[in-house]
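In: give me the fold of what follows.
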Amino acid sequence: MDTFKKAGVPKILPVLIVVILAAMYYVAAYYPDLGKTNNPEKTVEDFYVSYINSDYQGMAENLSVFWSVQFLPQYSTSKPSEVIAQRETIEKETADILSATTTDIQSGLKITVLPEYTKEWENTAMVVYSGSLDEEELGREVALLLKENQKFYLYMWMPCGDDAALTALETDFAKFDADYTQVLASDQW
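Out: The predicted model follows:
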């Protein structure tokens, strides 16, 4: 009677390796943004997908609380950290405002992010995107996003023509980042 087993590779090990590699491929292929909570381009895309689908809650979830408080005077005396901490409540209130005021949504709208123009600073980011409506070009817009709890949210957006205007905005946004970083550090407006 042989009481010792042969040394070697357990039969389950090659199967486990194949399963792990397949799972890694699946996650990389079908969930490329998994773990990327800090993607300003994705925020812009998600906002417009929500807009096109009249998903007001989805729109609110991609907007900065600092954009929202301009329509919510009850937060006007709150500190920046308090406003950020109230995100869940502010999102719900913003969704209510958006549902009551957003009209004429163009279902044929399509947004294409232009990643070559994306810039990130310490607490802000700039994303440029082009729009088309039923295959007709609408031009480019630039968005300024603010980082709140390590995630970017839309703060403002505007049309933008040529690259010279984008360069000027990039300089302005870099200065804004320094100011916003100071606001976050001092927790004062």
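
In: lowest average confidence, helix or strand, in this structure?
Out: Least confident helix or strand, the chain: helix 12-30 with a mean of 77, by mean pLDDT, DSSP states H and E.

In: list the helices and strands the helix or strand just after that one packs on?
Out: Remark: after helix 12-30, the chain's next helix or strand is helix 40-52, criterion DSSP states H and E. When contacts are defined as 3 or more Cβ pairs under 8 Å, 6 or more residues apart in numbering; DSSP states H and E, helix 40-52 packs onto helix 56-61, strand 109-113, strand 124-133, strand 136-148, strand 151-159. Yep, even glycine has a C-beta here, placed from its N, CA and C like the rest.

In: so which of the ones you listed comes closest to Ala28?
Out: Nearest to Ala28, of all those, is strand 109-113, at 20.6 Å by Cβ to Cβ.

In: in its sheet, what does that closest one sit against?
Out: Sheet pairing for strand 109-113, assigned by DSSP bridges, gives strand 124-133 (antiparallel).

In: what score does Gly58 have for pLDDT?
Out: At Gly58, the model reports a pLDDT of 96.

In: quick check: end-to-end length of stretch 60-74?
Out: From its first residue to its last, stretch 60-74 covers 17 Å (Cα to Cα, to the nearest Å).

In: for the residue nearest in space to the middle of the chain, what are its contacts?
Out: Geometric centre of the chain, nearest residue: Thr43, 2.2 Å, by Cα atoms, centre = their mean. Thr43 sits next to Asn62, Val127, Leu145, Lys151, Phe152, Tyr153, Leu154 when contact means Cβ atoms under 8 Å, 6 or more residues apart in numbering.

In: one more pass at 10 Å, please.
Out: By Cβ atoms under 10 Å, 6 or more residues apart in numbering, the contact list for Thr43 reads 37, 61-64, 125, 127, 143, 145, 151-154.
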